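Visitor: I would like to see how this sequence folds:
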Amino acid sequence: MSRSNRFVIIIILLFFIVVPSLRGKEMPGRAPIWELKGPHATIYLAGSVHLLREKDLPIPTGFDEVYELADEVIFELDIADMMNPATMQRIREAGLLPEGETIADHFDEKTVSAIHSYLKGLGVPANALDRMKPGTLYLSLTSMTATKQGAKAELGLEIQFHRKARDEEKPTRGLETIDYQMSLFHQIQTETIQRLINEMIDEKEDSPEALDRVIAAWKSGDPKQIEEIIVAELAEEEEIKNLLLVQRNKNWIPPIEKALGGQKNVMFLVGAAHLAGDDSVIELLQRKGYNPLQRSKSVIAP
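Guide: Predicted coordinates for the structure are as follows:
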C-alpha cells in the first residue's frame, strides 16, 4: 500500500469534510477510549473515525458504554452547526478563489489535467472544482475518494452519537468551529497540496486497502497500532502534522482540564489520531501530571 494513499485516508479520518468485516465477532482488546477522573467528574477521551462503511459496523461497544455514562458529549465541531445549510453555504463561499481565478492559476497544467481526468472518472464534470482554493480542493478530492469506497459521514461515530444525543436531549457542543478547521487547509503551501494531489491520483487504486488498514488499527484499540498506521504517516509531512494534529491537540488541553474540574461527566469524541503517539492529547495530559487510563476490554457487538 502506498504512503500517499494512507496519508489521504488519514486526512479523511482527521476531518469531516469525510478491514475485513468483523460483523458478528467478538474482538478482544480495548476500544480507543481513555478515562480521567477529577474531584467530581469523569472525563472520557474517545478516539473516533469520522467516516465509516457499512462493512465496518457495528462499532466497539465501549463507545456506547461511555456515552451512557456521560452527561455531555463534546465533538471536534458543533455537529448541529456543521449540518446547518447556512453554515455549509458560508464555508463553500469561503473555499472559493477570488472572482476570475481558477486552479490553473495555482497548479501546473499537468496537475489540472490530472484533476479533470480524475473527476470525469468519478462521473463529475471535469471543471466542477476549478474555482476552489487549493486546500479546499484537496479536501474535496479526499472526501470524494472516501465516498467512492462507500465511506459515509452518516455512518461515522460523530453523526451517530449526535443523533442519539439530540433524540435524548443530551447536551453537545464542539471544541472548534468549522471556519477554523477549514482555515488550516488554506495555510498549507500550494506546492505541498499539488504534490499530494498528484500522488493521490497516481495511486488511487491502493485507497481501499489503505482504508481497511486504518480502520483495522482503530478497531484494535491498540494505541501502538494507531500510532504506527495513522500518526506515523503524518510525521513525514511536518507542516501538515503541526497544523492539523499537534497544535490542535495543545488547544484542546484547557477545555479538557476545565471539564475535569467541573461537576458533569463528559465524553470527548475526537479523531483517533489525536489520542496516540508523541504530542497526542494523552501524552500532553501525562506531561501535566494527569493519569488517563485506557478503559478495559471492549468487544464488537454481534
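Visitor: give me the spatial nearest neighbour of residue 140, chain neighbours excluded.
Guide: Of all residues not flanking residue 140 in the chain, residue 129 sits nearest, at 5.9 Å (CB to CB, 6 or more residues apart in numbering). Bear in mind the C-beta positions are built from the backbone N, C-alpha and C, glycine included.
Visitor: mind checking pLDDT for the one you found?
Guide: Predicted confidence (pLDDT) for residue 129: 95.
Visitor: on the three-state scheme, it is what?
Guide: coil (DSSP: H, G, I helix; E, B strand; the rest coil).
Visitor: hmm, it is touching residue 138, no?
Guide: No: using CB atoms under 8 Å, residue 129 is not in contact with residue 138, being 9.8 Å away.
Visitor: ok, which stretches of the chain are strands?
Guide: In the chain, the strands defined using DSSP state E lie at 33-37, 42-48, 72-77, 172-176, 266-271, 293-294.
Visitor: which of those sits closest to residue 222?
Guide: Nearest to residue 222 among these is strand 293-294; the distance by CB to CB comes to 9.4 Å.
Visitor: partner strands of that closest one and their direction?
Guide: strand 33-37 (antiparallel) (DSSP bridges).
Visitor: got a list of contacts for the strand it pairs with?
Guide: With contact meaning CB atoms under 8 Å, 6 or more residues apart in numbering, strand 33-37 is reached by 42-47, 62-63, 66, 221, 256, 260, 275, 282, 285, 290-295, 298.
Visitor: pull out the buried residues from those residues.
Guide: Among the contacts of strand 33-37, those buried by neighbour count (16 or more other CB atoms under 10 Å) are 42-47, 62-63, 66, 221, 256, 260, 275, 282, 285, 290, 292, 294-295, 298.
Visitor: returning to what we had before: how far away is the residue nearest to residue 140 from residue 47?
Guide: For residue 129, the distance to residue 47 equals 31 Å [CB to CB, to the nearest Å].
Visitor: which parts of the stretch 1-150 of the chain are helices?
Guide: In the stretch 1-150 of the chain, the helices defined using DSSP state H, counting those that start in this stretch lie at 3-14, 62-69, 79-82, 85-94, 109-121, 134-148.
Visitor: between those helices, which one is closest to residue 190.
Guide: Across those, residue 190 has its closest neighbour in helix 134-148 (4.9 Å, CB to CB).
Visitor: quick one: the closest one to helix 109-121, angle?
Guide: 30 degrees (axes from the mean of the first three to the mean of the last three CA atoms, to 10 degrees).
Visitor: helix 134-148 packs against which elements?
Guide: helix 3-14, helix 109-121, helix 178-186, helix 190-202, helix 207-220 (3 or more CB pairs under 8 Å, 6 or more residues apart in numbering; DSSP states H and E).
Visitor: deepest of those helices, which one?
Guide: helix 3-14 (a mean of 24; mean count of other CB atoms under 10 Å).
Visitor: so which of the strands of the chain is nearest residue 216?
Guide: Evaluated over these, closeness to residue 216 peaks at strand 42-48, with 13.9 Å, by CB to CB.
Visitor: report the distance from that closest one to the chain centre.
Guide: Relative to its parent chain, strand 42-48 has a centroid offset of 15 Å by CA atoms, centre = their mean, to the nearest Å.
Visitor: could you do stretch 251-271 as well?
Guide: With CA atoms, centre = their mean, you get 18 Å for stretch 251-271.
Visitor: stretch 180-189 too?
Guide: 15 Å.
Visitor: roughly how far does residue 48 sit from residue 287?
Guide: The separation that residue 48 has from residue 287, given CB to CB, amounts to 23 Å.
Visitor: more neighbours: which of the two?
Guide: For residue 48 and residue 287, the more surrounded residue by other CB atoms under 10 Å is residue 48, and the numbers stand at 27 against 10.
Visitor: which residues does that one contact?
Guide: By CB under 8 Å, 6+ apart, the neighbours of residue 48 are 156-158, 269-272.
Visitor: nearest to residue 77, out of those residues: which one, please.
Guide: Distances from residue 77 to the contacts of residue 48, taken as CB to CB, are shortest for residue 158 (7.8 Å).
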